[in-house]
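**Q** Need coordinates for the below:
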Amino acid sequence: MDFRKQWHIFVAMLRANLLGYGGGPATIPLIHKEVVGTYKWMEDDEFSDVVALANTLPGPIVTKLSGYIGHHVGGLIGMINALVAAVFPTAILTILLVGTLVSFQDVPAVQGMTEAIAPVVGVLLIVMTYNFLKQSRQKVGFWGTFLLTLVSLVVLELLNIHPAILIVVLMVIAFSRRPEQEREQAQQKG
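**A** Residues are numbered from 1 along each chain as shown. Got it, this is the predicted structure:
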């Protein structure tokens, strides 16, 4: 067992999850920074695929991402290690801090802290969205990305359909087109 790799998995997931104030969506860019930027365990495309798949499954996204990344990098031990790093410290802090914050919720400094974090989380989400759109444009082109974004916006906001349903439908469409794309690629090579 590579103890150094296991240590890096633990530190990456711990750091991302302890600093991910605002829940899963705010933590995803931090996990991305660790996995793609700092340790280079994945490329942007693979990370985007993992996030998309994790969004289709039930449960908290952070645990799904941590478990997959830990397994991808360090096998079964890496998965357990990443899950412990993602869940255990946050659970302890939640138990300790929620009681403290609730008792001081009327203190202006605590109110200011909770209000000031919202724009930071918003910026993290905007950066992540921009990166996903950029990657999508490389794969399906400008008009494909524009059309998928527009359809997704209508389905999610105007029709109020659950995101998992949209993701599953798009995955089925993508998988049904895959054999067609593979045949085209084989014909181009031959």
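**Q** Give me the most central residue, this structure.
**A** Taking CA atoms, centre = their mean, the centroid of the chain lies closest to residue 28, which sits 3.7 Å from it.
**Q** What separation do you get for it and residue 137?
**A** For residue 28, the distance to residue 137 (CB to CB, to the nearest Å) stands at 20 Å. Just so you know, the C-beta spots here come from the backbone N, C-alpha and C atoms, and that holds for glycine as well.
**Q** picking that back up, the residue nearest to the centre of the chain and residue 48 touch, don't they?
**A** No: the criterion here is CB atoms under 8 Å, and residue 28 misses it with residue 48 at 10.4 Å.
**Q** and the residue nearest to residue 64 when sequence neighbours are not counted, how many neighbours does it have?
**A** Closest residue in space to residue 64, ignoring its immediate chain neighbours: residue 54 at 4.1 Å, by CB to CB, 6 or more residues apart in numbering. Look at residue 54: counted by other CB atoms under 10 Å, it has 20 neighbours.
**Q** State the distance from residue 54 to residue 83.
**A** For residue 54, the distance to residue 83 - CB to CB - is 13 Å.
**Q** Same question for residue 109.
**A** Distance of residue 109 to residue 83, given as CB to CB: 34 Å.
**Q** These two: who's more crowded?
**A** Using other CB under 10 Å, the more surrounded residue of residue 109 and residue 83 is residue 83, with 18 against 7.
**Q** Give me the below-cutoff pLDDT ranges for the chain.
**A** For the chain, the stretches with pLDDT under 70 are 21-22, 178-190.
**Q** what about residue 13, which SS state?
**A** helix (DSSP: H, G, I helix; E, B strand; the rest coil).
**Q** wait, what's in contact with it?
**A** 31, 34, 66, 69-70, 81-82, 85-86 (CB atoms under 8 Å, 6 or more residues apart in numbering).
**Q** all helices of this protein, in order?
**A** With helices called from DSSP state H, the chain shows them at 3-19, 24-32, 44-56, 61-103, 108-153, 163-189.
**Q** quick one, which of those helices is nearest to residue 38?
**A** helix 3-19 (6.8 Å; CB to CB).
**Q** Buried residues, the closest one. List them.
**A** Buried residues in helix 3-19, counted by 16 or more other CB atoms under 10 Å: 5-6, 8-10, 12-17.
**Q** Show me what stretch 152-162 is in contact with.
**A** Counting by CB under 8 Å, 6+ apart, residues outside stretch 152-162 touching it are 163, 166.
**Q** Same check on stretch 24-40?
**A** With CB under 8 Å, 6+ apart, stretch 24-40 has contacts from 8, 12-13, 15-17, 19-20, 41-44, 47, 51, 60-62, 65-66, 69, 73, 121, 124-125, 127-128, 131.
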